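In: one predicted model, sequence on top.
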Amino acid sequence: MSTDAATNWYRTAAEMSKAGVDLYPVTDRERAEVVDRRSGVVRSQLERAEILADPGFGRHFTDHMVRADWAAGSGWGEPELVDYANLSLDPSSMFIHYGQSIFEGLKAYRHGQGALTFRPEANAVRFVRSATRLSMAELPEEVFLGAVEALVAAESDWIADDPEKSLYLRPVEFATEVGLGVRPANAYTFLLLASPAGAYFPQGVKPVSVWLSTEFVRAAPGGTGEAKCSGNYAASLVAQAHAAEQGCDQVVWLDAVERRWVEEMGGMNLVFVYGSGASARLVTPELTGTLLPGITRDSLLKLARHLGIPAEEGRISIEDWQAGNESGEISEVFACGTAAVVTPVGSVKSANAQWTVGDGQPGPVTMRLRHALLDIQTGRAEDPFGWVHRVG
């Protein structure tokens, strides 16, 4: 992808959202065939059961993964389902030095004898957009979808029969060309890993406390904020550590220019509930090029409208947030993302102020949306959007 094409997409993604264009339309794309090269060696049923009893998050990985490699001149090789194993990398592999690395995150849930995946075609679209922004080889969407289906089918025994547990899928792509020249690499590797994930809130949904960071910013206009690239997360860690030092669970990012417009919480999008009951409406920070266009965010906006709750994008300042909570105009605030789905925000703290959101507990709109989306994802409720895909 040319540099002109990359900047053209990056200019227009936020504009598309403002114009009402769907960034993640439901499509019925083909799935590429994945070559099965498994050895047949897997862990015992007992060992797997012990892991699934308390998997945590990102601590354990299944027996297999999908791999595909790209080289300039020949393009993508055939995707292969292989044993999960260590990688052999040259110390001069370019992603180590220059950060050409992108990833995604999505889940599969147990449903009867098979499994359900949620909006994998949206992740495939965003994976391509991230690659475009970082001048990386774009993985065809059908290869992404074929990899997801093949790995979920192969690892269905790793999906717990519990709607609060899932199989977390981590697609990743990185530059593997050997060399120290600062330019787009001419070789890349794509991997799809699977990790059993436990309940995000094992003791029930708990609100989090947040720190408004004015010292650090996540992304600046024209930067990589809309891409799901590894460097964005590395740059966030110092601010998250600072939030923890202030006694808060998460950091809230503000805009890079004025340091007053609310953008995201950690690696999640934020949503504000104005009003209550029948008059409740949602407002989420608009896409500006510095926010990740979250798939859970997109799903919740569409689901809210389907449930009769108005939902829109807009600008929210820290002054708006504090005044809205104090007056009761803003009744609830929650964050949303793949891992937690929906996380209530209970209190806010900054260098100059601190306040409580509502009564500090999960609000009714927050919990209604969380349950409604989880019910669709796990097959407990009808899917009116065509988001859920059955595997097996």
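Out: That came in fine, so what should we check first?
In: phi first, then psi, for the closest residue to R260 other than its chain neighbours.
Out: Computed as CB to CB, 6 or more residues apart in numbering, the closest residue to R260 that is not its neighbour in sequence is S317, at 5.0 Å. No exception for glycine: its C-beta is placed from N, CA and C like everyone else's. Dihedral angles of S317 (phi, psi; degrees, to the nearest 10) stand at phi -90, psi 170.
In: tally up the residues packed near S317, please.
Out: By other CB atoms under 10 Å, the residues close to S317 number 15.
In: bridging residues for it?
Out: In this entry, S317 is beta-bridged to W261, by DSSP bridges.
In: any idea how far S209 is from it?
Out: Going from S317 to S209 by CB to CB, to the nearest Å gives 20 Å.
In: circling back: ok, the residue nearest to R260 - contacts?
Out: Contacts for S317 (CB atoms under 8 Å, 6 or more residues apart in numbering) come out as R260, W261, V262.
In: in PyMOL, select just the buried ones from these.
Out: Applying 16 or more other CB atoms under 10 Å to the contacts of S317, the buried members can be selected in PyMOL as follows:
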select buried, resi 261+262
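In: make CSV from the contacts of S317 and add pLDDT to it.
Out: Listed next are the contacts of S317 as CSV, based on pLDDT from 0 to 100:
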residue, pLDDT
R260, 96
W261, 98
V262, 98
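In: for the closest residue in space to M16 that isn't next to it in sequence, helix, strand, or coil?
Out: Excluding the flanking residues, the one nearest M16 by CB to CB, 6+ apart is L23, at 6.1 Å. Following DSSP: H, G, I helix; E, B strand; the rest coil, L23 is assigned to coil.
In: tell me the pLDDT of L23.
Out: With respect to pLDDT, L23 scores 93.
In: stretch 222-231: end-to-end distance?
Out: 15 Å (CA to CA, to the nearest Å).
In: tell me which residues of that stretch are tucked away?
Out: Applying 16+ other CB under 10 Å to stretch 222-231 flags G223, T224, G225, E226, A227, K228, C229, S230, G231 as buried.
In: okay, now D36: neighbour count?
Out: Neighbours around D36, by other CB under 10 Å: 11.
In: leaving out the residues flanking it, which one is nearest to it?
Out: Nearest one to D36, counting by CB to CB, 6+ apart, is L81 at 5.0 Å.
In: what's the burial count for the one you found?
Out: 21.
In: all strands for the stretch 1-150 of the chain, in order.
Out: Secondary structure of the stretch 1-150 of the chain (DSSP state E, counting those that start in this stretch): strands at 35-36, 64-71, 75-76, 80-83, 101-103, 106-111, 114-118.
In: need those strands in JSON lines with distance to F127 and mean pLDDT, can you?
Out: Converted to JSON lines, these look like this (distance: least, CB to CB, whole Å; pLDDT from 0 to 100):
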{"stretch": "strand 35-36", "distance to F127": "21", "mean pLDDT": "98"}
{"stretch": "strand 64-71", "distance to F127": "12", "mean pLDDT": "98"}
{"stretch": "strand 75-76", "distance to F127": "13", "mean pLDDT": "98"}
{"stretch": "strand 80-83", "distance to F127": "18", "mean pLDDT": "98"}
{"stretch": "strand 101-103", "distance to F127": "7", "mean pLDDT": "98"}
{"stretch": "strand 106-111", "distance to F127": "10", "mean pLDDT": "97"}
{"stretch": "strand 114-118", "distance to F127": "14", "mean pLDDT": "97"}
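In: ok, which of these comes nearest P362?
Out: When the strands of the stretch 1-150 of the chain are compared by CB to CB, strand 106-111 sits nearest P362, at 21.2 Å.
In: now that closest one against strand 114-118, angle please.
Out: 150 degrees (axes from the mean of the first three to the mean of the last three CA atoms, to 10 degrees).
In: which residues touch strand 106-111?
Out: Taking CB under 8 Å, 6+ apart as the rule, strand 106-111 contacts 115-120, 123, 148, 152, 159-163, 165-169, 171, 194, 197, 295, 338, 377-379, 390-391.
In: now do that strand: distance to the chain's middle.
Out: 15 Å (CA atoms, centre = their mean, to the nearest Å).
In: from D36, how far off is V66?
Out: Counting by CB to CB - V66 and D36 are separated by 10 Å.
In: identify the contacts common to the two.
Out: Common neighbours of V66 and D36 (CB under 8 Å, 6+ apart) are E80, L81, A150.
In: relative to I96, which of those is nearest.
Out: Checking the shared contacts of V66 and D36 one by one against I96 (CB to CB), the nearest turns out to be E80, at 23.6 Å.
In: which residue sits closest to K165, ignoring its sequence neighbours?
Out: Counting by CB to CB, 6+ apart, the residue nearest K165 is G198, at 5.7 Å.
In: what is the neighbour count of the closest residue to A381 other than its chain neighbours?
Out: Spatial nearest neighbour of A381, chain neighbours left out: D375 (3.6 Å); criterion: CB to CB, 6+ apart. For D375, the neighbour count with other CB under 10 Å is 14.
In: CA-only coordinates of the helix or strand containing D375 in PDB, if you can.
Out: Under the criterion of DSSP states H and E, D375 resides in helix 364-377. This file holds the C-alpha atoms of helix 364-377, laid out as PDB (Å, rounded to 0.1, in the frame of the first residue of the first chain):
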ATOM      1  CA  PRO A 364     -29.000   0.400  35.100                       C
ATOM      2  CA  VAL A 365     -28.300   1.500  31.500                       C
ATOM      3  CA  THR A 366     -24.700   0.300  31.800                       C
ATOM      4  CA  MET A 367     -25.800  -3.100  33.000                       C
ATOM      5  CA  ARG A 368     -28.600  -3.400  30.600                       C
ATOM      6  CA  LEU A 369     -26.300  -2.800  27.600                       C
ATOM      7  CA  ARG A 370     -23.700  -5.200  29.100                       C
ATOM      8  CA  HIS A 371     -26.200  -8.000  29.500                       C
ATOM      9  CA  ALA A 372     -27.800  -7.400  26.100                       C
ATOM     10  CA  LEU A 373     -24.500  -7.500  24.300                       C
ATOM     11  CA  LEU A 374     -23.200 -10.500  26.200                       C
ATOM     12  CA  ASP A 375     -26.400 -12.400  25.500                       C
ATOM     13  CA  ILE A 376     -25.900 -11.800  21.700                       C
ATOM     14  CA  GLN A 377     -22.200 -12.800  21.900                       C
END
